[in-house]
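Participant: Structure for the following, please:
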Amino acid sequence: VAHLETLGLRGCGIGEKGGHALGKALERNCSLQYLDVSNNPLHQSTVSLANALLSNSTLKNVAWRNVMGPSASQLGVVRLGEVLEKNSTVESVDLSDNVIGDSSLSKFCRSVHKNRRSGITSLNVSETHISTEGASAIALLLQNNKIKHLYLDNNTLGVEGARVISKALID
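Facilitator: Predicted structure coming up:
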């Protein structure tokens, strides 16, 4: 069994079949702490990768930038949220540069919010096509979560989104 702690596969063209294979490997790997599958055409395998976190208790950092395709991004992010509702080891999630949108981000945040033992301290949702509704979902996460680093760059939060986030920072 490999004792690899960091696996960077950014822009490697691993594709959907590679994503599924990687998901199966993550279910059994007991040492990997950092996984970067950014800039790969993962399509539906994002769900397999998210599912792997149900049995993997060592992964702390997940970089999932630009996984190509709105439907894959949305399905994978919703499933990732459902998995993180039960996972307490993941500390950093980078979902930036994906077409996630308000609805999928809201589902992700509601799921993570339910996990009182969530270990997430860093969340990057820059350039994910979210607006005020997405900001409201993030505000929910900030209420009783350990997030210390939040990246919302290049989204259309607007004035109301800024108000919602500001209120969450005060409460």
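Participant: residues of stretch 48-63 that come out buried?
Facilitator: By neighbour count, and taking 16 or more other CB atoms under 10 Å as the criterion, the buried residues in stretch 48-63 are 48-53, 56, 59-63. (C-beta placed from N, C-alpha, C; glycine too.)
Participant: contacts for that stretch?
Facilitator: 10, 19-20, 22-38, 42, 64, 76, 79-80, 82-84, 86-87, 89-94, 119 (CB atoms under 8 Å, 6 or more residues apart in numbering).
Participant: Also stretch 67-81?
Facilitator: Judged by CB under 8 Å, 6+ apart, the contacts made with stretch 67-81 from elsewhere in the structure are 37-47, 49-51, 53, 62, 64, 93, 95, 98-101, 103-105, 107-112.
Participant: Kindly give a single ChimeraX line that selects the buried subset of those.
Facilitator: For the buried members of the contacts of stretch 67-81, the matching ChimeraX selection, counting by 16+ other CB under 10 Å, is:
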select :37,38,39,40,41,42,43,45,46,47,49,50,51,53,62,64,93,95,98,99,100,101,104,105,107,108,109,110,111,112
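Participant: related to what we said a few turns ago, only whichever of the contacts of stretch 48-63 are buried, select them in ChimeraX.
Facilitator: When burial is assessed using 16+ other CB under 10 Å, the buried subset of the contacts of stretch 48-63 is captured in ChimeraX by this command:
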select :19,20,22,23,26,29,32,35,36,37,38,42,64,76,79,80,82,83,84,87,89,90,91,92,93,94
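Participant: Just the contacts of stretch 48-63: which are in strands?
Facilitator: 34-36, 92-94 (DSSP state E).
Participant: Let's have these in TSV, adding pLDDT and distance to residue 140.
Facilitator: Written out in TSV, the entries for the ones in strands among the contacts of stretch 48-63 read as follows (pLDDT from 0 to 100; distance: CB to CB, whole Å):
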residue	pLDDT	distance to residue 140
34	95	27
35	94	26
36	95	27
92	97	19
93	96	16
94	97	20
